[in-house]
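Novice: Sequence first, then the predicted structure, then my questions.
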Amino acid sequence: MHAKSILTAIVVILATRAAADQSLETTFRSTGPTVLAAFDAQRQVIQKCSAIIYDGRSEAICGVVISPDGFILTKASELKTIKKLAVTVDEKKYSDVKILATDDQWDVALIKIDASDLTPVVYAPTSAVPQGTWVVANGTTTRTHRRVLAGIISAKIREIPTAGGGALGVKLKPDAQELVIDDVQDKSGAKDADLQKGDVILAIDGKPVVKLEDLAAVLKDRKAGTTAKLTYRRGQEEKSADVRLMARSEMSEETNRNDAMSGSFSERRSGFPRILQHDILGAKSITGGPLLDLNGRCLGMNIARATRAESFAIPVEDLKALAARLLKTP
């Protein structure tokens with residue numbers, strides 16, 4: 001064999017061995033059986049106290065079981081897109097699911113299934129844990145069993161404001177004598193409030209608006225995530241609706257390069273009063289589910305996958321207060 005060919009072969013062999021030496025055996029990788037076995041106690045807790053919410057046969061989001069008789073919290077904005085709703089808790093599937101209440105500020109919905117003797121989460125005494133603390137969330141699911149994803153708390157608790165001011169999400173008819181809606185943007189608060197083309201906006205929060213300048217003046221200091229009471233006319237009938245103001249980035253279909261390389265992320269990932277950030281690398285379907293500490297206690301509820309390395313959870317103190325408030329909703 002030619003000397004140059006022999007040298008090339010040796011280099012290839014050494015490079016292959018070096019790569020193998022730097023690679024963990026499959027069992028010791030982050031999703032390998034040896035690593036997952038270390039979190040089996042938390043997996044058993046998640047098996048009982050988390051819900052999997054389906055759209056038909058596809059897993060959509062997760063949920064937090066908060067009572068033995070079938071009350072569950074989940075992510076509201078993702079729930080709205082589900083066409084054929086079903087819920088699995090432990091190994092049992094429920095097709096009769098009622099949506100009882102929502103909280104737009106936190107993007108949380110309360111749902112109910114006809115069940116008894118469920119295992120609710122045990123709340124941790126505080127969410128004020130050190131950065132670097134191990135946490136566990138629900139990962140993929142086999143037909144009957146949960147798997148887990150592990151990570152760490154990666155930042156201090158903080159507010160995640162929505163970038164930009166609040167917008168209704170409508171286009172107005174140009175050159176009209178009134179504020180006539182010409183188009184309603186998909187994924188907007190106006191769409192959720194059932195505003196339609198041809199509706200005429202009359203007032204915002206009781207303040208009459210006739211011109212575009214009037215509308216802009218009323219909304220100029222309003223933040224995304226807040227709600228505006230809209231009075232409008234449809235045909236000869238006067239109506240009103242509560243419209244959640246949204247940032248234009250929430251309603252936009254455009255994806256920047258960072259998002260494109262981050263994989264699946266939540267459509268709503270900002271506008272939260274307080275969040276607990278962790279680095280669990282999961283799909284957006286982990287949202288709505290519990291975030292557990294190593295004692296199997298609930299530190300919070302996953303509410304958004306923001307980027308590849310940032311996921312947000314509602315801290316346990318806020319989650320408990322939110323659950324109590326939604327349970328009292330008539």
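Specialist: Nice, thanks for sending it over. Numbering: from 1, shown residues only.
Novice: For the stretch 51-200 of the chain, give me the ranges with low pLDDT.
Specialist: Scanning the stretch 51-200 of the chain for pLDDT under 70 picks out the ranges 140, 142-143, 163-165.
Novice: thinking I204 is in contact with L219, fair?
Specialist: Yes: using CB atoms under 8 Å, I204 is in contact with L219, at 6.9 Å. Every residue, glycine included, has its C-beta placed from N, CA and C.
Novice: What segments of the protein are helices?
Specialist: Secondary structure of the chain (DSSP state H): helices located at 3-21, 33-37, 40-49, 76-79, 189-192, 212-219, 248-251, 257-260, 316-327.
Novice: And for the fifth one, what's in contact with it?
Specialist: Under the contact criterion CB atoms under 8 Å, 6 or more residues apart in numbering, helix 189-192 has outside partners K80, L168, G169, V170, I181, V184, Q185, T227, V243, R244, L245, M246.
Novice: what's the closest of these to G151?
Specialist: Distance ranking of the contacts of helix 189-192 against G151, using CB to CB, places K80 first at 27.6 Å.
Novice: ok so, going back, and I204 and L219? Which one has more around it.
Specialist: I204 (22 against 17; other CB atoms under 10 Å).
Novice: how close does the more buried one get to K187?
Specialist: The spacing between I204 and K187, counted by CB to CB, to the nearest Å, is 21 Å.
Novice: do R308 as well
Specialist: Between R308 and K187 the distance, using CB to CB, works out to 22 Å.
Novice: again with W134
Specialist: 35 Å.
Novice: what's the answer for K328, then?
Specialist: According to CB to CB, K328 and K187 sit 30 Å apart.
Novice: just T119 next, same as before
Specialist: Using CB to CB, one gets 35 Å for the distance from T119 to K187.
Novice: Which one's more surrounded, these two?
Specialist: Each of T119 and K187 has its neighbours counted (other CB under 10 Å); K187 has more, 17 against 14.
Novice: Go ahead and confirm that one touches E267.
Specialist: Yes: checked against CB under 8 Å, the pair K187 and E267 is within contact range at 6.9 Å.
Novice: which residues sit in contact with K98?
Specialist: Shown in contact with K98 (CB under 8 Å, 6+ apart): I111, K112, I113.
Novice: Any idea what it is bridged to?
Specialist: Counting by DSSP bridges, K98 is bridged to K112.
Novice: now it: how far from G70?
Specialist: Distance of K98 to G70, computed by CB to CB: 9 Å.
Novice: Could you tell me which residues touch both of the two?
Specialist: A shared contact of K98 and G70, defined by CB under 8 Å, 6+ apart, is any residue touching both; here these are K112, I113.
Novice: domain ranges for the chain?
Specialist: Each domain of the chain is listed here as a residue range: 34-158+265-327, 170-246, per automatic domain parsing.
Novice: about what we covered before: least confident of the helices of the chain, on average?
Specialist: Comparing mean pLDDT across the helices of the chain, the weakest is helix 3-21, with a mean of 51.
Novice: re the thing from before, find the residues that touch each one of I204 and L219.
Specialist: When contacts are counted by CB under 8 Å, 6+ apart, I204 and L219 have A228 as shared neighbours.
Novice: isn't R233 right next to Q196, touching?
Specialist: No: R233 sits out of contact with Q196 when judged by CB under 8 Å, with a separation of 11.5 Å.
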